[in-house]
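1. would you be able to build a 3D model of this:
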Amino acid sequence: MNVPRTRLTGLAVAAAAVVAAALILYPASGQADPPHATDWTSVPANTDTRGIAVPNALSPELYEVAVAQGSQPLENPDGVVGYYGYNANGTLVPDPTKVQAPGNNVEASKTEPDKNTYLRLEGLHGADPNYNYGTHFLYAGHETGVQGNVTRINLDADSAHRITLIADKLSDGTSLPTIDGSTWDPWAQKLLFTTESPGNASVIQSGADINTVAEDISPQLGRAGYEGIQNDSDGNLWLVEDVGGTTVPTASRNPNSFVFRFVPYNKSDLKQGGKLQALQVVSLRTHTPITFQAVDAAHPTGGVFTGDQADLSTYGHSFATNWVTVHDTAVDTSGLPFQANALAKSAGATPFKRPENGVFRPGTKFGEFFFTVTGDTNATATANTGFGGWGSLYKLSQSDPSADHGTLSVFYQGDGPRASFDNLTFIDRDHLGVVEDAGDGLHAQRNALDSAYLFDVTVDYSLGVQPIRFIAEGRDSSATEDNMLSALGNGFNNEGDNEITGIHMSDGDPGTGGILGAKNPKPFRDGWRLFWNQQHGDNYCWEVLPK
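-> Okay, the predicted model is just below:
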């Protein structure tokens, strides 16, 4: 378009005024700096009012756009998975003419996209051989529904080509189990998914393109309640397990889950096996490992109310840690899957109260690993005060990612208003985004829905300061309706709360230098993008952007 000269002059004047204003605010002398990308303002939590839908609230410096929603049809439905967030077994809104019964759903089963993995890849295909699918993609495994599946949001594509089904079958033709965690392994050039299914495939690897073959690699990595999965710079895989332990009076779960590290024999081919190790923490009291304690007649509360558990839930302690080998494919040559949780207990590893996910702090050469522990998600749990019931954030420090020893400390203690931590991602080198998964029970107890928090990892939170709440999740109309249907107790097939999951900051670099933790993130600059999933309900996938 040709712009008249008078208009061009006006634009130049306006531009000069903007530059002059910028120089006043941020002079070249460095006397003042522009606002930092993480200078966000805290917002209040959304309250839980049954039957009332509530929109999400973000820090005023941020806004969000939907890159996909549950009712968006796949470009290649297979008769089981029909939409981004729904199976093809019912209507997408409740049918008032039906009563929930086996084979007679009031509403289609929701597949609930979970952990996101963002990648920039060239030359990928979809269902349309004549369409250019672009280079920016967001992958997710799906946590519930008839079966598991892997979808790819084609971020550069139009609506008709927006969502591609990548896989819902294993290489042997069986259905994928439901999926929780995901990551990209740049050495193997595979997507890795965890299934939180100790009795089924727990780690799956898949290609990034359509019609890929998804393989169960549990014979190498074991079966467990794996959720978080992350590479380090040495090619090791760190796996965070979420298995709820026995509940003891009152409403408190026995620590029953472990943090694992898989050391492969060939980091380019995980199927060649390796050593699976589990984290062991040394007691400050006895100077011996803190190990699993079963709930039995002699120990009616297991390891819930021990002095060691109190220490593990308190600021100011520094624990020595070891990695203990629980399985070695060079020793067990059977090629069969094994139960990693049971082996971790036998090896004397240290259990936690439902750890969920973990990430490496950028700029530390993979020497600092932060992981979340969800805890009991119940305001009546007697372990809330002093024994980790509200959940925690931990920091594990090592000289390098393959070191056998390190130190563990509590970075943040949950306190009720901020509790039940799940997914996390580094927004930049010093700021960690952490989200809650409180569940409808705790939502009602504390009259607050889930939130996402921004933690400054250079701050001492034992001094009473609190993180910034940058997302106060609401409850969308579909989740509100599902919540009310679930309350009828008639076996309704969908969950009634929205959950924040899949929080993910990445520049999409698929190379070994692009592993999360290798670069210092530049939020909203140089290709760095922030995504999260509003799970359940309408199953939106959001991208967060700066205003």
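2. just the strands from the stretch 401-547 of the chain, written as ranges.
-> For the stretch 401-547 of the chain, strands defined by DSSP state E, counting those that start in this stretch occupy the ranges 405-413, 421-426, 431-436, 451-456, 468-472, 499-506, 529-535, 540-546.
3. and for the stretch 151-300 of the chain?
-> Listed in chain order (using DSSP E, counting those that start in this stretch), the strands of the stretch 151-300 of the chain are 163-167, 182-185, 190-194, 203-206, 215-216, 226-231, 237-241, 247-248, 252-253, 259-264, 274-281.
4. dump those to TSV, plus mean neighbour count.
-> To be clear about C-beta, it is placed using only N, CA and C from the backbone, and glycine gets the same treatment. Conversion of these to TSV gives the following (neighbours: other C-beta atoms under 10 Å):
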stretch	mean neighbour count
strand 163-167	24
strand 182-185	23
strand 190-194	26
strand 203-206	24
strand 215-216	20
strand 226-231	26
strand 237-241	27
strand 247-248	18
strand 252-253	26
strand 259-264	23
strand 274-281	24
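5. could these go into JSON lines alongside distance to His299?
-> Compiled in JSON lines, those are given as follows (distance: least, C-beta to C-beta, whole Å):
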{"stretch": "strand 163-167", "distance to His299": "44"}
{"stretch": "strand 182-185", "distance to His299": "37"}
{"stretch": "strand 190-194", "distance to His299": "30"}
{"stretch": "strand 203-206", "distance to His299": "32"}
{"stretch": "strand 215-216", "distance to His299": "36"}
{"stretch": "strand 226-231", "distance to His299": "27"}
{"stretch": "strand 237-241", "distance to His299": "22"}
{"stretch": "strand 247-248", "distance to His299": "10"}
{"stretch": "strand 252-253", "distance to His299": "14"}
{"stretch": "strand 259-264", "distance to His299": "23"}
{"stretch": "strand 274-281", "distance to His299": "19"}
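6. counting neighbours, what do you get for Pro60?
-> By the criterion of other C-beta atoms under 10 Å, Pro60 has 10 neighbours.
7. what separation do you get for Asp460 and Arg429?
-> 18 Å (C-beta to C-beta, to the nearest Å).
8. specify the local secondary structure of Gln309.
-> When classified by DSSP: H, G, I helix; E, B strand; the rest coil, Gln309 comes out as helix.
9. to Glu215, which of the strands of the stretch 401-547 of the chain lies closest?
-> Distances from Glu215 to each of the strands of the stretch 401-547 of the chain were compared using C-beta to C-beta; the shortest belongs to strand 499-506, at 23.1 Å.
10. and that closest one, which strands flank it?
-> Paired strands of strand 499-506, with direction, are strand 529-535 (antiparallel) (DSSP bridges).
11. can you show me the CA trace of stretch 385-396 as CSV?
-> The C-alpha coordinates for stretch 385-396 follow below in CSV (Å, rounded to 0.1, in the frame of the first residue of the first chain):
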residue,chain,number,x,y,z
THR,A,385,1.0,-28.5,60.2
GLY,A,386,4.6,-29.6,60.5
PHE,A,387,4.5,-32.7,58.4
GLY,A,388,4.1,-31.6,54.8
GLY,A,389,0.4,-32.1,54.2
TRP,A,390,0.0,-28.8,52.3
GLY,A,391,2.8,-29.8,49.9
SER,A,392,6.3,-28.4,49.3
LEU,A,393,8.8,-27.2,46.8
TYR,A,394,12.3,-28.8,47.1
LYS,A,395,15.7,-27.8,45.7
LEU,A,396,18.2,-30.6,45.0
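12. pull out the buried positions in it.
-> For stretch 385-396, a neighbour-count test (16 or more other C-beta atoms under 10 Å) marks 387-396 as buried.
13. equivalent analysis for stretch 206-218, please.
-> Residues of stretch 206-218 classed as buried by neighbour count (16+ other C-beta under 10 Å): 206-210, 212, 214-218.
14. one step back: Asp460 and Arg429: which has the busier surroundings?
-> For the pair Asp460 and Arg429, the greater number of neighbours falls to Arg429 (16 against 11), based on other C-beta under 10 Å.
15. look at Val331 and say how many residues are nearby.
-> By other C-beta under 10 Å, the residues close to Val331 number 8.
16. separation between it and Gln220?
-> Remark: distance between Val331 and Gln220 (C-beta to C-beta) = 13 Å.
17. can you say which of the strands of the stretch 401-547 of the chain is nearest to Thr325?
-> Shortest distance between Thr325 and the strands of the stretch 401-547 of the chain, using C-beta to C-beta, is found for strand 405-413: 13.8 Å.
18. just the CA trace of the closest one, in PDB.
-> The C-alpha trace of strand 405-413 is given here as PDB (Å, rounded to 0.1, in the frame of the first residue of the first chain):
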ATOM      1  CA  HIS A 405      25.700 -37.100  45.900                       C
ATOM      2  CA  GLY A 406      24.100 -33.800  46.600                       C
ATOM      3  CA  THR A 407      22.100 -31.800  49.100                       C
ATOM      4  CA  LEU A 408      18.300 -31.300  49.500                       C
ATOM      5  CA  SER A 409      16.400 -28.400  51.100                       C
ATOM      6  CA  VAL A 410      12.900 -27.100  51.400                       C
ATOM      7  CA  PHE A 411      12.500 -24.100  49.100                       C
ATOM      8  CA  TYR A 412       8.900 -23.400  50.000                       C
ATOM      9  CA  GLN A 413       6.400 -24.800  52.400                       C
END
